[in-house]
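In: sequence first, then the predicted structure:
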Amino acid sequence: MRTSARNHFSGQIRAIKAGAVNDEVALSVEGGLEIVAIITHGSAASLGLAAGKPAFALVKASSVILMVDGDASKVSTRNVVEGKITAVTKGAVNAEVVLAAAGGAQIAAIVTNESADRLGLAVGKTAAALFKASSVIVGVE
């Protein structure tokens, strides 16, 4: 499968917490990461999601927020992945920043050049990628 989402994580459903409208889906993915998604109960049912089932998570790079020198325990987002910046590619307005997590997973973020400069984003610098569970798309093959 090919998509335009820069962040694609393959793994297995660890747990589903069912709700009346939305379900919380925890996906164990490569590198020991856990990605949490909030999807509608109807979507979880139509995909046949269940613990142990293979699945994937997609996150658009524009949905990823980068943080440096912050305390991840003081943000409301469910998904926080710490790592080292491996690439910064600047365009006319925005920059693509790629972060490698300890287990090898990579996460791409799109930020403004102004933000990249203000945060001092550079190859080798430690940063954290943050994205809301509601920004995660879950799929199955």
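Out: That came through fine.

In: when you work out contacts or count neighbours from here on, use the C-alpha atoms and nothing else.
Out: Noted.

In: which residues does G52 contact?
Out: 12-14 (C-alpha atoms under 8 Å, 6 or more residues apart in numbering).

In: I meant V123, not that one.
Out: V123 neighbours (C-alpha under 8 Å, 6+ apart): 84-88.

In: cool, and V138?
Out: With C-alpha under 8 Å, 6+ apart, V138 has these contacts: 37, 39, 55-58.

In: direction included, what does the helix or strand hosting it pair up with?
Out: Taking DSSP states H and E as the criterion, the element that holds V138 is strand 137-139. Sheet pairing of strand 137-139 (DSSP bridges) gives strand 54-59 (antiparallel).

In: could you pull up the mean pLDDT of the partner strand?
Out: Taken as a whole, strand 54-59 has an average pLDDT of 97.

In: save the contacts of V138 as CSV, and put in neighbour count too.
Out: Listed next are the contacts of V138 as CSV, based on neighbours: other C-alpha atoms under 10 Å:
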residue, neighbour count
A37, 25
I39, 21
A55, 20
F56, 20
A57, 23
L58, 20
